[in-house]
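S.K.: Would you be able to build a 3D model of this:
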Amino acid sequence: MNKKLMIAVLAATTVVGARAEKTAGFQLSLTPDIAIQDRDTRIKGVSIGIWNENPQNGWSIGIVNGFTGDSSGLSWLPYLGILNYAENYKGVHLGWVNYTSGSFVGWQDAIFNYAGEFTGFQSGWVNYAGQMHGVQLGLVNYSKTVSGWAFQLGLVNVIEDNPWFSNFPDELAKGFVIANWSFGRE
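M.R.: Numbers count the residues shown, from 1 in each chain. Model (predicted):
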């Protein structure tokens, strides 16, 4: 590689690398499009609004809190809150409905909790995890698959990929009242 080409490649990589993600410490919003920060600005601090939607590492208070990309922190909906939604999230979601399409690591507490891949603690009336590693506490708990260990406590408990009583005491059943579990599966 000649020197001019090498210098051009290094300059281009430096310019692309220097173009960092936009960040801000504070967001105030009515909707994602009516806000002091653009919706693609990462909030590293506090978001307050009727409907917040940004990638975020911090604390979000609103009626609807949305998180794009990989986000983390605490989202809280005081009394009137309806929904926390995220692509991938690490932290705590407190609200009426929590929905994470991808991976959630932490604690979800709501009337209805949903996570594509879940690691941690779900507490609510209805808890759903596509893939689960952790604890579900609610009236109805459902997990399609388990990685590692899982424990469910509630009126209806379903771990779809558990066999029926064939691996007791490590696994209980596909569905069971009061408690269901799967331990030691990787």
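
S.K.: Enumerate the helices of the chain by residue range, in sequence order.
M.R.: Applying DSSP state H to the chain gives helices spanning 3-18.

S.K.: mind giving me the domain ranges of it?
M.R.: Following automatic domain parsing, one gets these domains for the chain: 20-95, 99-186.

S.K.: Make a markdown table out of these and add mean pLDDT.
M.R.: Shown next, in a markdown table, are these (pLDDT from 0 to 100):
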| stretch | mean pLDDT |
| --- | --- |
| domain 20-95 | 92 |
| domain 99-186 | 91 |
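
S.K.: so can I have CSV of those showing mean neighbour count?
M.R.: (Each C-beta comes from the backbone N, C-alpha and C, glycine too.) Output for these, formatted as CSV (neighbours: other CB atoms under 10 Å):
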stretch, mean neighbour count
domain 20-95, 19
domain 99-186, 19
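
S.K.: nearest residue to residue 155 other than its sequence neighbours?
M.R.: Spatial nearest neighbour of residue 155, excluding adjacent residues (CB to CB, 6 or more residues apart in numbering): residue 139 at 5.0 Å.

S.K.: What is the strand ranked longest in the chain packed up against?
M.R.: Assignment by DSSP state E gives strand 97-159 as the longest strand of the chain. If you count contacts as 3 or more CB pairs under 8 Å, 6 or more residues apart in numbering; DSSP states H and E, strand 97-159 packs onto strand 83-94, strand 175-185.

S.K.: now the angle from that strand to strand 175-185?
M.R.: 90 degrees (axes from the mean of the first three to the mean of the last three CA atoms, to 10 degrees).

S.K.: any idea how far strand 97-159 is from the chain center?
M.R.: Strand 97-159 sits 11 Å away from the centroid of its parent chain (CA atoms, centre = their mean, to the nearest Å).

S.K.: Then stretch 63-82?
M.R.: 10 Å.

S.K.: Equivalent analysis for stretch 45-54, please.
M.R.: Remark: stretch 45-54 is offset 16 Å from the chain centroid, using CA atoms, centre = their mean.

S.K.: Same question for stretch 72-89.
M.R.: Counting by CA atoms, centre = their mean, stretch 72-89 comes out at 9 Å from the chain centroid.

S.K.: one step back: residue contacts, the residue nearest to residue 155?
M.R.: 125, 126, 154, 155, 156 (CB atoms under 8 Å, 6 or more residues apart in numbering).

S.K.: Which of those sits closest to residue 86?
M.R.: residue 126 (18.1 Å; CB to CB).
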